[in-house]
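[1] Quick one, what's the 3D model for this:
(chains A and B, ligands or ions: 1)
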Amino acid sequence: MLLISCPWCGEREETEFHYGGQAFVAYPADPESLSDEEWAQYVFFRDNPKGDFAERWVHSAGCRRWFNTVRNTVTSEFQS
Amino acid sequence: MTVEDLRRSPLADYPGVTEIPFLTMVDVRVPPAGDAAARISARLGGPLPVVPNSVVQAGARHILWLGPDEWLVVGPDGDSELAGMFPEAVDVSANRTTIEVRSRDLLEHGCTVDLHPRAFHAGRCAQTTIARTQVILWQTSDEPVYRLLVRASFATYLADWLSDASGS
Ligand SMILES: [Zn+2]
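    Below is the predicted model:
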């Protein structure tokens, strides 16, 4: 059983959560000026590091709030 | 046929499971520190709790923390005043029914929240899953007595599971 720490509810079982992908992907400042390739990069392409990765999660079966966290993609250990 | 005849709880004919049907429930979403929260607290006669997963009693009603800007106010059956008490109240009474359980051992068969008294006690609530179905788990007394607020359409499933897990 993997415990994930919700910033509101504390540690809960992993099955209460859903994954939301990479965190801090900024919306383009001027979307109109993007080429198709740049737009595709923004929409579809994400980092895939071996190690620490900033991610979005949602406590979907609990308080239903989104939060950012850092997870190690090798060990699945969460920071903070 | 009267309206009373049409009222039918999902576990009305279910033996061996204690249902508390037709509790009045309203969902409230406002910023936790602000004029609206203060006005609602004054109206209810109790503060909107800011400690996650805690419950405040206000007369015959209870205010459950559901999120940093969301609460569930639970009143008795027939609390018709509650739904129109303030404009932020959304009547969700028909969303869930309530099952009362008096055994921690029984819940621990299907619940991953730590229910030991050092971690969970009267006045605490948690949105979690029991036997894979989503519930609001609320401890009302240290005997212990728990309430499971479960979606009406999942009530017989959860009642089946509780009956099975209690060995009856
Ligand atoms: Zn949470």
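
[2] The nearest residue to A:Ser60 once chain neighbours are set aside and B:Glu108, how far apart?
    Among residues not flanking A:Ser60 along the chain, A:His18 sits closest, at 4.6 Å (C-beta to C-beta, 6 or more residues apart in numbering or on different chains). No exception for glycine: its C-beta is placed from N, CA and C like everyone else's. To B:Glu108, A:His18 is 25 Å away according to C-beta to C-beta, to the nearest Å.

[3] Tell me which of those two has more neighbours.
    Between A:His18 and B:Glu108, counting by other C-beta atoms under 10 Å in any protein chain shown, B:Glu108 is the more crowded of the two (15 against 12).

[4] list the contacts for the more buried one?
    B:Leu115 (C-beta atoms under 8 Å, 6 or more residues apart in numbering or on different chains).

[5] if we can go back for a sec, is the residue nearest to A:Ser60 bridged to anything, and to what?
    For A:His18, the beta-bridge partners are A:Val58 (DSSP bridges).

[6] And the residue nearest the centre of chain B?
    Centroid check for chain B by C-alpha atoms, centre = their mean gives B:Leu149 as the closest residue, at 4.4 Å.

[7] Which of the three states applies to it?
    strand (DSSP: H, G, I helix; E, B strand; the rest coil).

[8] Tell me the confidence at residue 26?
    Unless you meant another one, I'm taking chain A. With respect to pLDDT, A:Ala26 has a value of 95.

[9] ah, no, chain B please
    pLDDT at B:Val26 comes out at 98.

[10] One more: B:Met1?
    In the predicted model, B:Met1 carries a pLDDT score of 58.

[11] pull the helix or strand with minimum mean pLDDT from chain B.
    helix B:3-6 (a mean of 72; mean pLDDT, DSSP states H and E).

[12] what sits against the residue nearest to A:Ser60?
    A:57-58, A:60.

[13] make it 10 Å
    A:56-61, A:66 (C-beta atoms under 10 Å, 6 or more residues apart in numbering or on different chains).

[14] From chain B, how far out is it?
    13 Å (C-beta to the nearest C-beta, to the nearest Å).
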